[in-house]
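J.: I'll drop the sequence and a predicted model, then ask my questions.
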Amino acid sequence: MATAAAAIMAKAQQDVIGHFMSSNAVSPESAVTFEPSRRPQRSMFERMQREGVIVAADNDRWFIDIPRYHERAKTRRKRVLGVLGAVIVAAAGVALLGWRR
């Protein structure tokens, strides 16, 4: 179930980012409107607003702060690699303990 939820949110993020990137909405001058078509898109859009990735312009238009987007992606990548490393170390420890018995 958690894997399905993660896949749904990843698709929502791809949809939201794709909307702005395909419109080249990367500055206040090129900002566009966005109306999420599904709940996961709305949730991801709101999360990206809170994180400063999606920024408001005038007239209910939005754009992507590209440096912030890259910073967020880098942080997420580091977090995933850290968790993956911890899982590998834990699995190796379990394997070694099981081997000694």
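T.: Alright, I've got the coordinates.
J.: host element of residue 12?
T.: Assigned by DSSP states H and E, residue 12 belongs to helix 2-22.
J.: Just want the most central residue of the protein.
T.: For the chain, the residue nearest the mean C-alpha position is residue 13 (5.7 Å; CA atoms, centre = their mean).
J.: any idea how far that one lies from residue 58?
T.: Look at residue 13 and residue 58: by CB to CB, to the nearest Å, they are 25 Å apart. To be clear about C-beta, it is placed using only N, CA and C from the backbone, and glycine gets the same treatment.
J.: Same check on residue 5?
T.: With CB to CB as the criterion, residue 5 and residue 58 are 35 Å apart.
J.: Compare neighbour counts for the two and give me the winner.
T.: residue 5 (10 against 7; other CB atoms under 10 Å).
J.: got the buried residues for the helix or strand of the chain with the lowest mean pLDDT?
T.: Using mean pLDDT, DSSP states H and E, the weakest-scoring helix or strand in the chain turns out to be helix 66-100, at a mean of 80. By neighbour count with 16 or more other CB atoms under 10 Å, helix 66-100 contains the buried residues residue 69.
J.: Excluding chain neighbours, what is closest to residue 24?
T.: Nearest-residue entry for residue 24: residue 30, 5.6 Å, with adjacent residues in sequence omitted and distances by CB to CB, 6 or more residues apart in numbering.
J.: separation between that neighbour and residue 87?
T.: Counting by CB to CB, the gap from residue 30 to residue 87 is 41 Å.
J.: same question, residue 28
T.: For residue 28 relative to residue 87 (CB to CB), the value is 42 Å.
J.: what's the answer for residue 49, then?
T.: Separation of residue 49 from residue 87 (CB to CB): 31 Å.
J.: Same check on residue 31?
T.: 41 Å.
J.: what do you get for residue 7?
T.: In terms of CB to CB, residue 7 sits 19 Å off from residue 87.
J.: cool, residue 79 as well?
T.: Residue 79 is 13 Å from residue 87, where distance means CB to CB.
J.: cool, and residue 96?
T.: On the measure of CB to CB, residue 96 and residue 87 end up 15 Å apart.
J.: Alright, I will stop here.
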